[in-house]
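> Structure of the sequence below:
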Amino acid sequence: MNDVKHDEIRQAVRRQYGRVAESEGCGCGPACCGDATAGADRLSQVLGYSADEIAHVPDGANLGLGCGNPQAIADLKVGETVLDLGSGGGFDCFLAARQVGDSGHVIGVDMTPAMVSKARASADKGGYRNVEFRLGEIENLPVADGTVDAIISNCVINLSPNKPRVFADAYRVLKPGGRLAISDVVAFADLPDDIRHDMALLTGCMAGASLISELEEMLKAAGFRQIRVAPKNESKSFIRDWAPGIAVTDYVVSATIEAVKPTS
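Numbers count the residues shown, from 1 in each chain. Below is the predicted model:
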């Protein structure tokens with residue numbers, strides 16, 4: 001895939017999630033729900049977030065864009081620096097901020113200006129002094145080398161047209177011993193061309209999914225070790241709703257992705 005095609009995909013994704021930010025969100029798929037806020041909260045509980053977690057983020061931060069709960073596997077500790085790839089409205093960042101405390105630091109990176117503005121406004125309104133949001137691409141992170149303890153991400157890396165670059169840059173910014181804790185959509189079978197080339201399904205977090213074996217190879221090539229990709233078959237129940245009438249769950253599923261940057 002050439003640079004022109006990569007940029008075409010990025011622009012389509014940016015337009016889609018700009019619209020989501022402006023309309024207060026409503027899930028990853030091209031189909032949308034009626035009451036966006038209530039729908040996002042219901043989906044988040046299906047994904048494994050508690051009612052207490054959902055209640056303790058700023059209004060409007062939960063846009064219902066996830067496919068899992070990276071917080072559940074991140075094992076965040078007080079004082080850590082956490083980076084969220086594709087932070088959207090800031091939902092996972094605000095939850096991470098509670099875990100790392102005032103001595104910790106959370107950085108959200110998103111390439112959609114409307115999302116970054118929305119998240120910054122929520123952080124300011126909620127008094128989150130240990131959270132910041134930066135405009136940037138996850139393939140080219142605006143973060144210094146070796147400064148991050150943990151990277152989280154929720155249903156975003158599948159949207160990237162250059163996933164090896166995402167993992168290489170994630171490796172760069174992690175400290176030795178730093179870790180990935182990601183929820184994403186992955187493929188367990190080869191996607192047919194009619195799905196793979198459907199831009200609506202790509203921006204809807206489905207058509208861009210990589211095979212599990214390919215993800216493992218990308219992570220290994222970037223330098224990561226202790227790699228673990230764990231598919232969640234129960235996720236088919238909500239992924240099916242993202243593309244009514246299309247058999248996407250014959251090919252894709254949500255999974256947790258974990259890996260560690262070696263200490264030497």
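
> From now on I want contacts and neighbour counts done on CA atoms only, so please keep to that.
Fine.

> where exactly do the strands run in the chain?
81-85, 105-110, 131-135, 148-154, 174-187, 225-232, 252-260 (DSSP state E).

> Switch those over to TSV, and while doing so, append mean pLDDT to every line.
Shown next, in TSV, are those (pLDDT from 0 to 100):
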stretch	mean pLDDT
strand 81-85	98
strand 105-110	98
strand 131-135	98
strand 148-154	97
strand 174-187	97
strand 225-232	97
strand 252-260	97
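
> Single out the most deeply packed of those strands.
strand 81-85 (a mean of 27; mean count of other Cα atoms under 10 Å).

> Mind listing residues that contact that one?
For strand 81-85, contacts defined as Cα atoms under 8 Å, 6 or more residues apart in numbering pick out 92-93, 96, 100, 104-110, 138, 147-154, 156-157.

> Out of the strands of the chain, which gets nearest to Asp198?
Comparison of these against Asp198 by Cα to Cα identifies strand 252-260 as nearest, at 14.7 Å.

> Which neighbours in the sheet does that closest one have, and how are they oriented?
strand 174-187 (antiparallel), strand 225-232 (antiparallel) (DSSP bridges).

> For the strands of the chain, please prepare CSV with the additional fields distance to Ile9.
Formatted as CSV, those follow (distance: least, Cα to Cα, whole Å):
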stretch, distance to Ile9
strand 81-85, 17
strand 105-110, 15
strand 131-135, 18
strand 148-154, 19
strand 174-187, 17
strand 225-232, 25
strand 252-260, 20
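
> among those, which is nearest Gly68?
Of all those, strand 174-187 sits nearest to Gly68, with 5.2 Å by Cα to Cα.

> now the angle from the closest one to strand 148-154?
10 degrees (axes from the mean of the first three to the mean of the last three Cα atoms, to 10 degrees).

> so how far is strand 174-187 off the chain centroid?
Centre-to-centre, strand 174-187 and its host chain are 10 Å apart (Cα atoms, centre = their mean, to the nearest Å).

> How about stretch 150-165?
That offset, for stretch 150-165, works out to 6 Å (Cα atoms, centre = their mean).

> ok so, going back, nearest to Lys5, out of the strands of the chain?
strand 105-110 (20.0 Å).

> what about Pro192, distance to Leu135?
According to Cα to Cα, to the nearest Å, Pro192 and Leu135 sit 34 Å apart.

> Confirm for me that Ile9 is in contact with His197.
No - contact status for Ile9 versus His197: not in contact, 10.7 Å apart, counting by Cα atoms under 8 Å.

> who's more crowded, these two?
Ile9 (19 against 13; other Cα atoms under 10 Å).

> Skipping its backbone neighbours, what lies nearest that one in space?
Pro161 (6.8 Å; Cα to Cα, 6 or more residues apart in numbering).

> show me what contacts that neighbour?
Contacts of Pro161 (Cα under 8 Å, 6+ apart): His6, Ile9, Arg10, Gly208.

> Buried ones in stretch 201-218, by neighbour count?
Residues of stretch 201-218 classed as buried: 201-212, 215-216, 218 (neighbour count, 16 or more other Cα atoms under 10 Å).

> Of those, which belong to helices?
Judged by DSSP state H, the buried residues of stretch 201-218 include Leu201, Leu202, Thr203, Ile212, Leu215, Glu216, Met218 as members of helices.

> What is the nearest of those residues to Tyr171?
The closest of those, once distances to Tyr171 are taken by Cα to Cα, is Met218, at 11.4 Å.

> If anything else comes up later, I'll come back, but that's it for now.
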